[in-house]
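Enquirer: Quick one: sequence and predicted model below, then my questions.
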Amino acid sequence: MLGLPKNTELNKQLPKNAIYAKFQMNTTAKERIDRDISRIYIVNEVSASKINLNEGAEVKSFFVMSVILKRKDYDEKNIITLSKLIPQNMVMVLEYENQARLAVFHTKLMQTEWFEKEKLSLELKGLNFDTVWENIIVQIGGLTVEQGNSLDEQIVIDEQRNKLQKEIARLEKLARAEKQPKKKFELVQKIQKLKEEIG
């Protein structure tokens with residue numbers, strides 16, 4: 001799967017009941033997961049013993065989990081819950097019918113667009129697992145880590161930028177609808193100020 005080496009492949013089903021039992025989930029939490037998720041498999045274990053790559057200081061390996069969805073408009077909270085249930089570095093392949101997308105949780109849930117299943121791949125870039133894992137997060141999150149920023153700093157900056165862009169769009173809509181010249185001018189000034197913040 002994902003163009004990863006054959007010797008990393010596993011095919012272990014993770015029974016949902018085992019997850020419920022391990023984390024003592026209540027009926028509501030079980031129902032939420034059941035509504036969205038059909039089956040869960042661990043499909044790859046990528047480690048230094050299986051591929052020619054050094055362990056990192058933080059990351060020694062990562063797993064690929066295949067999550068078969070019952071619906072395309074799933075609740076993202078279920079995917080976040082799943083990623084927190086298993087204390088490993090985990091790339092999730094969310095599959096619905098013949099489409100799939102990659103997801104990873106790192107400070108927040110990041111996902112790719114939907115693709116045909118066969119077209120999904122994961123590029124292992126880096127000299128050790130720390131770098132490879134960081135590059136996987138960058139790939140899936142569609143991030144561009146600017147010079148001098150750490151990955152976590154970049155995520156915070158991007159989130160802030162997105163919030164500002166949403167606020168600008170909201171204010172621009174208000175400004176277009178505003179009839180009073182004075183209020184319209186005030187809105188335009190606010191928009192200008194936010195645009196300067198973005199840079």
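Expert: It's in.
Enquirer: okay, stretch 182-196 in CSV with CA atoms only?
Expert: Extracted in CSV, the C-alpha atoms of stretch 182-196 (Å, rounded to 0.1, in the frame of the first residue of the first chain):
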residue,chain,number,x,y,z
LYS,A,182,-18.9,55.7,7.1
LYS,A,183,-19.4,52.1,8.2
LYS,A,184,-18.2,50.8,4.8
PHE,A,185,-15.0,52.9,5.2
GLU,A,186,-14.5,51.5,8.7
LEU,A,187,-14.9,47.9,7.4
VAL,A,188,-12.5,48.6,4.5
GLN,A,189,-9.9,49.9,7.0
LYS,A,190,-10.3,46.8,9.2
ILE,A,191,-9.8,44.6,6.1
GLN,A,192,-6.7,46.5,5.2
LYS,A,193,-5.2,46.1,8.7
LEU,A,194,-5.8,42.3,8.6
LYS,A,195,-4.2,42.0,5.2
GLU,A,196,-1.1,43.8,6.5
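Enquirer: Contacts for stretch 152-159, please.
Expert: 106-108, 141, 143-146, 149 (Cβ atoms under 8 Å, 6 or more residues apart in numbering). Bear in mind the C-beta positions are built from the backbone N, C-alpha and C, glycine included.
Enquirer: now that stretch: mean pLDDT?
Expert: Mean per-residue pLDDT for stretch 152-159: 84.
Enquirer: in it, what's buried?
Expert: 154-155, 158 (16 or more other Cβ atoms under 10 Å).
Enquirer: try stretch 191-199
Expert: Ile191.
Enquirer: What are the buried residues along stretch 176-196?
Expert: 178, 187, 191.
Enquirer: Output the residues you listed as TSV; include the columns pLDDT and distance to Ala100.
Expert: Compiled in TSV, the buried residues of stretch 176-196 are given as follows (pLDDT from 0 to 100; distance: Cβ to Cβ, whole Å):
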residue	pLDDT	distance to Ala100
Glu178	89	45
Leu187	90	43
Ile191	89	39
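Enquirer: quick one: which of the buried residues of stretch 152-159 is nearest to Asn17?
Expert: Ile155 (34.2 Å; Cβ to Cβ).
Enquirer: next one: phi and psi at that closest one?
Expert: phi -60, psi -40 (degrees, to the nearest 10).
Enquirer: and the gap between it and Glu197?
Expert: 18 Å (Cβ to Cβ, to the nearest Å).
Enquirer: just to revisit the earlier point, buried subset of the contacts of stretch 152-159?
Expert: Buried, going by 16+ other Cβ under 10 Å: 106, 141, 143, 145, out of these.
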